[in-house]
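*Asks:* could you look at this predicted model? Sequence included:
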Amino acid sequence: MRNLKLKKVRPVATETETLHKNGDDLGLHLVGGSSVEESSSRASLHKVKETPGLHVMGDLYDVKCSEEFMVDADLLREHCLKLVKDAGLSTVGEFFHQFDGEGGVTGMVVLAESHVSLHTWPEKNYVTVDVYVCSYSQDNRPRARQLYQSLIDTFKPDFEKSHAVERL
């Protein structure tokens, strides 16, 4: 497998960001430019459906949340289900697992629109978050951003590294 590198990672902006091939590396750019390559990509996208989905991935470092969110699968499940509902998304399934001892939680909420998943490492004060929504019948990108921000507000990281990818 070829080793790919991101040229630049930025926090999720109010505009949609997407990855594009640039030589041997992948780089982020904002949709809305005017290059021929971007125009043909957009034309291909609109042949599939009107609005792309959004996949937001984040690494949350030095989180300052209540410790229960890091180690209590039941509490985290209920909280995530509430955040999903508050964002206007539809839960169709969920699974959360609490690891033994001092372990953290891994969990996923399956959405009609796609999914949200997260993994906690209490011993490192570290959390990974993944929010992916498709936009089959409506533009769900604002809902994805809201859900992602609600998770940031929950875990209260000192430092966050995130990026977003448009998906067909």
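*Replies:* Received, thanks. The model shown is predicted, which means the values in this text are computed figures rather than measured ones.
*Asks:* helices along this protein, start to end?
*Replies:* Applying DSSP state H to the chain gives helices spanning 36-48, 68-71, 73-86, 141-155.
*Asks:* how about those, which one is nearest residue 117?
*Replies:* helix 73-86 (9.5 Å; Cβ to Cβ). Where C-beta positions appear, they are placed from N, C-alpha and C, glycine not excepted.
*Asks:* ok, and what's touching that closest one?
*Replies:* Contact with helix 73-86 is made by 68-69, 90-91, 94, 96-98, 105, 107, 109, 111, 116, 118, 120, 146-147, 150-151, 154, as judged by Cβ atoms under 8 Å, 6 or more residues apart in numbering.
*Asks:* residues near residue 96, how many?
*Replies:* Counted by other Cβ atoms under 10 Å, the residues lying close to residue 96 total 20.
*Asks:* residues contacting the residue lying closest to it once chain neighbours are set aside?
*Replies:* Nearest residue to residue 96, sequence neighbours excluded (Cβ to Cβ, 6 or more residues apart in numbering): residue 107, at 3.6 Å. With contact set as Cβ under 8 Å, 6+ apart, residue 107 has these partners: 73, 76-77, 80, 94-97, 117-119.
*Asks:* hmm, 7 Å instead?
*Replies:* Residues near residue 107 by Cβ atoms under 7 Å, 6 or more residues apart in numbering: 73, 76-77, 80, 95-97, 117-118.
*Asks:* in PyMOL, select just the buried ones from those.
*Replies:* If you want just the buried ones from the contacts of residue 107 in PyMOL, going by 16 or more other Cβ atoms under 10 Å, the selection is:
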select buried, resi 73+76+77+80+96+117+118
